[in-house]
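# Fold the following and give me the result.
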Amino acid sequence: MISSEVLERELPDVASDDLVPLNVVVDAVIHDIYSRLAELGETLPSLHESARAAQIFQFSLYARRQVVKLLALVRWSKESEVVAKCMVSLSSFCW
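Next comes the predicted model:
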């Protein structure tokens, strides 16, 4: 079994300015989805029924993709001791 020291040495050097705590990433994703949903709620009444259904479908796809990425990130950080000790770098994940 590989020791945690060996794994930590293999991690790439990342400037601390590029690191973001996991709770900040979760909050940002939740805020983004909520704000898009609120915007959708304001624009839907003025659309035709077929356009409304298409907008809801597109929003659902977007929100699902974001939540699946977030779920993968959370599971990954939970299962890895080294990653649980570190902060998550947004530049290496999504967006």
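# Every contact and neighbour count from this point should use C-alpha atoms.
OK.
# okay, stretch 38-52 in CSV with CA atoms only?
Presented in CSV, the C-alpha positions along stretch 38-52 are these (Å, rounded to 0.1, in the frame of the first residue of the first chain):
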residue,chain,number,x,y,z
ALA,A,38,-35.8,32.0,-10.7
GLU,A,39,-35.0,33.6,-14.1
LEU,A,40,-36.8,30.7,-15.8
GLY,A,41,-39.8,31.3,-13.6
GLU,A,42,-40.0,34.9,-14.7
THR,A,43,-39.7,34.2,-18.4
LEU,A,44,-41.9,31.1,-18.8
PRO,A,45,-45.3,32.8,-18.6
SER,A,46,-44.6,34.8,-21.7
LEU,A,47,-43.6,31.8,-23.8
HIS,A,48,-45.7,29.5,-26.0
GLU,A,49,-46.4,26.1,-24.5
SER,A,50,-43.9,24.3,-26.8
ALA,A,51,-41.2,26.9,-26.1
ARG,A,52,-41.9,26.6,-22.4
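# Rounded mean pLDDT for it, please.
Confidence for stretch 38-52, expressed as mean pLDDT, is 94.
# Now do that stretch: everything it contacts.
55, 56 (CA atoms under 8 Å, 6 or more residues apart in numbering).
# Going by neighbour count, which residues in it are buried?
Applying a neighbour-count criterion of 16 or more other CA atoms under 10 Å, the buried positions in stretch 38-52 are residue 52.
# So in this structure, which helix runs the longest?
The longest helix of the chain (DSSP state H) is helix 49-79.
# Could I get the buried residue list for that helix?
Neighbour-count burial for helix 49-79 [16+ other CA under 10 Å]: 52, 55, 56, 59, 63, 66, 67, 69, 70, 73, 74, 77.
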